[in-house]
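> fold the following for me, if possible:
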Amino acid sequence: MRLDGVSALALVLVASFAIDRLVSGTLFLITWSGILTDPEQIAEGEEKYKAKRKYKVIYYLLAGVLGIVVMASLGGIMLLTALLPADSSVTGTSIFRFLDIVVTGLALMGGAEKLSELLKIGKETGGVFASASAGESPVKVEGKLFLEERK
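Next comes the predicted model:
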């Protein structure tokens, strides 16, 4: 299936969301079963830092497997193919196909990670698309206000 640029972008966003949800669900099951320690449950310090790094490595490995293997090679989502003209001579080579799968997988993996950050910000502030500063307290002004009538 040949996609135009806008359809390819929409497909990447939907696929990135699916990858993020699948990886997050898998990581939840892994931490719930006790195989992996949840970094949020550890007190501040070196252990928390190591747990966060391990958690992120596992997240990227799972997202990479889903993005590169499942979505790009089996799902037929190909970004480079969608962006190049249909009559391009390089799209038929095996090296191009390999690069297309890798680039598409990396885009899906990176999109999933950024989407995950966006969802975390939304959860903290009360809305999916709320800005990070929305969680700050409002400005408080104290003093006296004098109103004068104009003549």
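> please, where are all the helices along the protein?
5-32, 46-64, 79-83, 94-125 (DSSP state H).
> select, out of those helices, the one closest to Gly143.
Closest to Gly143 of the helices of the chain is helix 94-125 (Cβ to Cβ; 29.6 Å). (Each C-beta comes from the backbone N, C-alpha and C, glycine too.)
> how about the helices of the chain in TSV, adding mean neighbour count and distance to Pro39?
Output for those, formatted as TSV (neighbours: other Cβ atoms under 10 Å; distance: least, Cβ to Cβ, whole Å):
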stretch	mean neighbour count	distance to Pro39
helix 5-32	16	9
helix 46-64	15	4
helix 79-83	19	32
helix 94-125	17	13
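> closest to Arg150 out of those helices?
Between the helices of the chain, helix 94-125 lies closest to Arg150; by Cβ to Cβ that is 41.8 Å.
> mean confidence for that closest one?
Here helix 94-125 scores 72 as its mean pLDDT.
> just put the helices of the chain in a markdown table and tack on distance to Glu149.
As requested, the helices of the chain are exported to a markdown table (distance: least, Cβ to Cβ, whole Å):
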| stretch | distance to Glu149 |
| --- | --- |
| helix 5-32 | 57 |
| helix 46-64 | 61 |
| helix 79-83 | 65 |
| helix 94-125 | 42 |
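> Lys140: which of those helices is closest?
helix 94-125 (19.7 Å).
> grab the nearest non-local neighbour of Leu66.
Leaving aside its sequence neighbours, Leu66 sits nearest to Ile19 (Cβ to Cβ, 6 or more residues apart in numbering; 4.8 Å).
> test my guess that the one you found contacts Ala63.
Yes: Ile19 is within contact range of Ala63, at 5.5 Å (criterion: Cβ atoms under 8 Å).
> low-confidence ranges, this protein, go.
Within the chain, the ranges that satisfy pLDDT under 70 run 1-5, 8-9, 70-75, 85-92, 111-116, 118-137.
> at 90 what do you get?
1-25, 27-28, 30-32, 34-151 (pLDDT under 90).
> hmm, back to that, among the helices of the chain, which comes closest to Pro138?
With Cβ to Cβ, the closest approach to Pro138 among the helices of the chain belongs to helix 94-125: 13.7 Å.
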